[in-house]
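Colleague: predicted model and sequence below, questions to follow.
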Amino acid sequence: MLAPILSIQSHVVYGHVGNSAAVFPLQRLGREVWPLMSVQFSSHTGYVGWRGRAFDAAMIEECAAGLEAIGVLPRCAGLLTGYLGRLEIGEAALGALTRIRAANPEAAYACDPVIGDVGRGSYVAAGVAEFFRDRALPLATIATPNAFELEWLAGGPAGNLGQAAAAIAALRARGPQVVVAKSLSLDDTPADALDLLASDEHGLWRLRTPKLPIAVNGAGDLFAALFFHHWLEFRLTPEALSRAASAVFAIVAATLAAGTRELAIVSDQRELVRPSKIFRAEAI
């Protein structure tokens, strides 16, 4: 069994976003996951009629203290965070990280800075975006922003390869060892493709996949979880990028083929382990 991670994210009763997109795929790959919910909703908020509520920071803090009290944190390989809901939830998540690193100084932190998206803009509560920029990124080992989040966090455009590389470098200068930018449409990206860029101290890589004619929620959450898992396993950014992107593409393709709205991570779980098509990262 691979070393466990603590995953602080949203949870939905129906569908696959947040921890509902991360926990089972990681378990399928042999990674123990300790899920801690920032919110519990009936479904993704894109559904008309959804219900639910955000948890308070005290609950996050109590659960982290409980894990410390039972003595399991020295085994924890790291923390994964995604959608946090409110600023105080973010601060509680960093409190959990402090406890983890006190028990295991080598523990990594994968921060998926969920702020917004191209076409929608920011959709988080006041102060959350600034929290990611000023508080979370300096403590993160890995950051996985999408195109909108990359530009917001870096404070500049990322419309071409040079700009995107500069924006990624700006984020790495804030603290993360590895930055992966998802869902990029650069000026040289074909209209029927999407690019991912990843950078660490060893270089910069680009991975390109076809752009599928479907919009699904949770693909970014799935990618962040899979990338963290493979990076922990191999400590090689291009290998983790290839494995994570290939699996996410295969799951989204299966979702399209099935004509469903929710990611096909259960029915096509084999794609998490052995994706039908492997995409390779190329050094730039």
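Modeller: Nice, I can see it.
Colleague: tell me the centre residue of the protein?
Modeller: Closest to where the C-alpha atoms of the chain average out (CA atoms, centre = their mean) is residue 224, at 2.8 Å.
Colleague: and the closest residue to that residue other than its chain neighbours, what does it touch?
Modeller: Once flanking residues are discounted, residue 224 sits nearest to residue 112: 3.9 Å by CB to CB, 6 or more residues apart in numbering. Glycine gets a C-beta too; all of them are placed from N, C-alpha and C. Counting by CB atoms under 8 Å, 6 or more residues apart in numbering, residue 112 touches 80, 81, 82, 143, 144, 145, 220, 221, 224.
Colleague: mind giving me the packing neighbours of the helix or strand hosting residue 65?
Modeller: Assigned by DSSP states H and E, residue 65 falls within helix 57-69. Contacts defined by 3 or more CB pairs under 8 Å, 6 or more residues apart in numbering; DSSP states H and E place helix 57-69 against strand 2-12, strand 31-41, helix 87-103.
Colleague: quick check: buried residues in it?
Modeller: 57, 60, 61, 63, 64, 67, 68 (16 or more other CB atoms under 10 Å).
Colleague: distance of the last one from residue 102?
Modeller: Going back to what we said before, that points to residue 68. Per CB to CB, to the nearest Å, residue 68 is found 8 Å from residue 102.
Colleague: where exactly do the strands run in the stretch 101-250 of the chain?
Modeller: Under the criterion DSSP state E, counting those that start in this stretch, the stretch 101-250 of the chain carries strands at the ranges 108-111, 116-117, 121-122, 142-143, 178-184, 193-200, 203-210.
Colleague: follow-up on the earlier one: just curious, which of the contacts of residue 112 is nearest to residue 39?
Modeller: residue 82 (10.6 Å; CB to CB).
Colleague: contact partners for the closest one?
Modeller: 7, 8, 9, 10, 18, 19, 22, 112, 114, 221, 224.
Colleague: which residue packs closest to it, ignoring adjacent ones?
Modeller: Using CB to CB, 6+ apart, the nearest residue to residue 82 is residue 9, at 3.8 Å.
Colleague: list the beta-bridge partners for the one you found.
Modeller: Per DSSP bridges, the residues bridged to residue 9 are residue 37.
Colleague: before we move on, the earlier item: winner for burial among the helices and strands packed on helix 57-69?
Modeller: strand 2-12 (a mean of 23; mean count of other CB atoms under 10 Å).
Colleague: now the helix or strand just after that one: mean pLDDT?
Modeller: Going down the chain from strand 2-12, the next helix or strand is helix 19-28, by DSSP H and E. Mean per-residue pLDDT for helix 19-28: 98.
Colleague: give the buried residues for helix 19-28.
Modeller: Buried-residue list, helix 19-28, by 16+ other CB under 10 Å: 19, 20, 21, 22, 23, 24, 25, 26.
Colleague: which of the residues you listed sits closest to residue 232?
Modeller: Using CB to CB, those come closest to residue 232 at residue 26, 10.3 Å.
Colleague: the closest one against residue 5, yeah?
Modeller: Yes. Using CB atoms under 8 Å, residue 26 is in contact with residue 5, at 7.4 Å.
Colleague: quick check: neighbours shared by those two?
Modeller: Joint contacts of residue 26 and residue 5 (CB under 8 Å, 6+ apart) are 33, 229.
Colleague: may I see the buried residues of the helix or strand hosting residue 253?
Modeller: Secondary structure from DSSP H and E places residue 253 in helix 237-258. By neighbour count on 16+ other CB under 10 Å, the buried set for helix 237-258 is 237-238, 240-255.
Colleague: report the mean confidence score over stretch 111-121.
Modeller: 91.
Colleague: how close does the residue nearest to residue 82 sit to residue 38?
Modeller: In terms of CB to CB, residue 9 sits 6 Å off from residue 38.
Colleague: how about residue 268?
Modeller: 27 Å.
Colleague: now do residue 210
Modeller: 33 Å.
Colleague: end to end, how far does stretch 155-165 reach?
Modeller: One end of stretch 155-165 to the other measures 13 Å (CA to CA, to the nearest Å).
Colleague: ok, now stretch 171-178?
Modeller: Start-to-end, stretch 171-178 (CA to CA) is 9 Å.
Colleague: could you dump the buried residues of helix 19-28 into CSV and include distance to residue 160?
Modeller: Shown next, in CSV, are the buried residues of helix 19-28 (distance: CB to CB, whole Å):
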residue, distance to residue 160
19, 35
20, 35
21, 30
22, 32
23, 37
24, 37
25, 33
26, 34
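Colleague: tell me the two of the residues you listed that are most distant?
Modeller: So, the buried residues of helix 19-28 by CB to CB: farthest apart are 20 and 26, at 12.0 Å.
Colleague: alright, that wraps it up for me.
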